[in-house]
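1. With the input below, show me the fold.
(one chain, ligands or ions: 2)
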Amino acid sequence: MKITAADVVVTSPNRNFVTLKITTDEGLTGLGDATLNGRELAVVSYLRDHVVPLLIGSDPHRIEDTWQFLYRSAYWRRGPVTMAAIGAVDMALWDIKGKVAGLPVYQLLGGASRSGLMAYGHASGASLPELFDSVREHQALGYRSIRVQTGVPGLNRIYGIASQSGPADAGAERYDHEPAQRGALPAEEDWDTRAYLRHIPTVFEAVRNEFGPELPLLHDGHHRMTPIQAAKLGKSLEPYDLFWLEDCTPAENQEALRLVRQHTTTPLAIGEIFNTVWDFQSLIKEQLIDYVRAASTHFGGITPLRKVMDYAAQYQVRSGFHGPTDISPVGLAAQMHVGLAIHNFGIQEYMQHGTKTNEVFRQSFTFEDGYLHPGDQPGLGVELDVDEAGKYPYETAYLPYNRLADGTVHDW
Ligand code: CS2
Ligand code: MG
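-> Ligands and ions are numbered 1, 2, ... in the order given. Purely as a prediction, here's the structure:
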């Protein structure tokens with residue numbers, strides 16, 4: 001079998017997506033997600049200008065060899081652009097192999113280790129009443145685990161609050177579903193860590209009083225704290241028994257988590273912006289985290305995602321794959337197949353895509369009674385309607401950034 005075509009499809013139904021569609025000489029096609037929020041066109045060029053020419057004529061069955069070739073022959077390694085491009089190729093080749101075998105990809109990874117994947121959704125509110133309504137809304141949708149994000153007194157626009165719609169113009173996506181606001185330049189938001197650290201424990205006290213002690217609750221620190229601030233928050237949240245505290249501090253310096261770990265037993269999840277196993281090495285080996293937040297898309301695809309989870313299993317670290325709306329249905333399906341097959345599954349993030357996105361990407365995965373399942377279609381179980389995709393051309397969109405009160409730029 002030979003690859004005869006590899007098309008990079010850019011579409012923007014509810015948000016920008018980049019999808020690689022590989023076609024073989026036997027008429028089979030495979031899809032891979034290459035979406036990098038706010039930097040989509042860089043991956044488009046990496047694929048079209050530097051990867052696609054290398055794929056034509058190659059054997060799509062050689063998944064491992066293709067991955068190693070693309071990783072090593074580029075010379076320049078790692079990073080979100082390179083790994084999103086390699087990831088898209090990898091996902092597409094697994095999709096094709098599943099279609100050749102007549103099996104869903106999870107069967108090629110060893111079969112199901114569970115009947116479904118516990119999912120969590122994003123509840124949020126600028127105020128407690130709004131937050132409580134959002135938690136109830138997600139419970140009504142069937143979610144059994146819920147992420148909680150709220151406003152912070154004194155701050156006007158901050159990450160993750162659904163009611164903060166995008167730009168004033170009509171049709172703006174819910175902010176929490178699409179933080180990358182369409183426009184020529186990134187939007188500036190404000191931040192105050194001390195105000196945040198004072199406020200968050202009161203939020204979880206109120207949520208536990210309202211919803212009880214059992215509901216698994218998650219919270220995303222979104223890289224904004226220093227290690228000692230993260231330790232303080234983790235410790236202050238211990239009475240509320242979180243399922244995890246995510247991205248509590250920027251983790252380029254993996255040793256920073258040693259300090260956090262010394263002070264708190266709140267479980268930690270990190271890694272949605274990581275691209276290779278090396279980014280996780282100390283965090284896993286020293287058990288500085290409890291959940292691997294990698295996404296198939298930015299981590300080089302299914303092949304390395306399985307490998308990092310097998311490494312993590314030696315240290316009792318589980319999966320918590322990244323599943324926001326800027327991971328396309330193809331990327332989401334890919335990590336569902338991995339999550340179903342591995343033993344050390346933890347939880348799967350699932351922010352539901354918009355209607356227009358679901359018309360572009362025809363999906364066979366299901367979400368029922370709080371659990372996801374990738375379905376049993378051969379391959380990944382997602383088909384791209386190229387005509388529908390063509391209705392939605394790319395739109396410039398950037399993720400926001402933060403500045404502190406004194407104007408210092410800060411992690412968003
Ligand atoms: C967030 C993401 O879902 C999460 O955990 O960290 O939504 C993140 O903000 C986006 O992926 C950025 O594009
Ligand atoms: Mg996150």
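
2. mind pulling up the phi and psi values for the residue in the stretch 201-350 of the chain positioned nearest to ligand 2?
-> Nearest residue of the stretch 201-350 of the chain to ligand 2, counting by CB to the ion: Asp220, 4.3 Å away. For glycine as for every other residue, the C-beta is placed from the backbone atoms N, C-alpha and C. Torsion angles at Asp220 (phi, psi; degrees, to the nearest 10) stand at phi -110, psi 110.

3. Compute the number of surrounding residues for it.
-> By other CB atoms under 10 Å, 21 other residues sit near Asp220.

4. can I assume it is in contact with Asp247?
-> Yes. Asp220 is within contact range of Asp247, at 6.0 Å (criterion: CB atoms under 8 Å).

5. who's the residue of the stretch 201-350 of the chain closest to ligand 2 bridged to?
-> Glu246 (DSSP bridges).

6. Can you check what pLDDT the model gives it?
-> With respect to pLDDT, Asp220 scores 98.

7. Now do Ile22 against ligand 1, distance only.
-> 25 Å (CB to the nearest ligand atom, to the nearest Å).

8. Next, the nearest residue to that residue once chain neighbours are set aside: secondary structure please.
-> Counting by CB to CB, 6 or more residues apart in numbering, Ile22 lies nearest to Ala92, which is 4.3 Å off, once chain neighbours are set aside. Look at Ala92: counting by DSSP: H, G, I helix; E, B strand; the rest coil, its state is helix.

9. Starting from Gly331, give me the distance back to Ala92.
-> Look at Ala92 and Gly331: by CB to CB, to the nearest Å, they are 11 Å apart.

10. again with Pro378
-> Applying CB to CB to Pro378 and Gly331 gives a distance of 18 Å.

11. So for the two, which sits in the more crowded spot?
-> Comparing Pro378 with Gly331 by other CB under 10 Å, the one with more neighbours is Gly331, at 33 against 19.

12. centre of the chain versus the helix or strand containing that one, how much separation?
-> Element membership for Gly331, per DSSP states H and E: helix 329-341. Distance, stretch centre to chain centre, for helix 329-341: 11 Å (CA atoms, centre = their mean, to the nearest Å).

13. how about that helix: buried residues?
-> 329-341 (16 or more other CB atoms under 10 Å).

14. Okay, and Gly27 sits in which element?
-> Per DSSP H and E, there is no helix or strand for Gly27.

15. Next, count neighbours for it.
-> Neighbour tally, Gly27, other CB under 10 Å: 7.

16. same check, this time on Asn358
-> 14.

17. Give me the nearest residue to it, chain neighbours excluded.
-> Using CB to CB, 6+ apart, the nearest residue to Asn358 is Pro329, at 7.4 Å.

18. quick one, what contacts that neighbour?
-> When contacts are counted by CB atoms under 8 Å, 6 or more residues apart in numbering, Pro329 touches 353, 357-358, 361, 363, 365, 382.

19. switch to 6 Å and redo it
-> Counting by CB atoms under 6 Å, 6 or more residues apart in numbering, Pro329 touches 361, 363, 382.

20. likewise Ala256?
-> Neighbours of Ala256 in contact, by CB under 6 Å, 6+ apart: 227, 249.

21. Could you rerun that using 10 Å?
-> 226-228, 230-231, 248-250, 283, 288 (CB atoms under 10 Å, 6 or more residues apart in numbering).

22. do the same with Val382
-> Counting by CB under 10 Å, 6+ apart, Val382 has contacts 19, 31, 33, 91, 95, 328-334, 361-365, 374-375.

23. do the same with Ala251
-> 223, 227, 257, 260, 268, 270-271, 273-274, 279-280, 282-283, 288-289, 293.

24. Mind checking which of those land in helices?
-> 227, 257, 260, 282-283 (DSSP state H).

25. pretty sure Gly57 contacts Lys2?
-> Yes. Assessed by CB atoms under 10 Å, Gly57 is found in contact with Lys2 at 5.6 Å.

26. Spit out the residues that contact the two alike.
-> Counting by CB under 10 Å, 6+ apart, the residues touching both Gly57 and Lys2 are Asp25.

27. where does the closest residue to ligand 2 within the stretch 1-150 of the chain land in three-state SS?
-> In the stretch 1-150 of the chain, no residue comes nearer to ligand 2 than Arg147, which is 8.6 Å away by CB to the ion. With three-state DSSP as the basis, Arg147 sits in strand.

28. Not counting its neighbours along the chain, what's nearest it?
-> Per CB to CB, 6+ apart, closest to Arg147 is Leu218, 4.3 Å.
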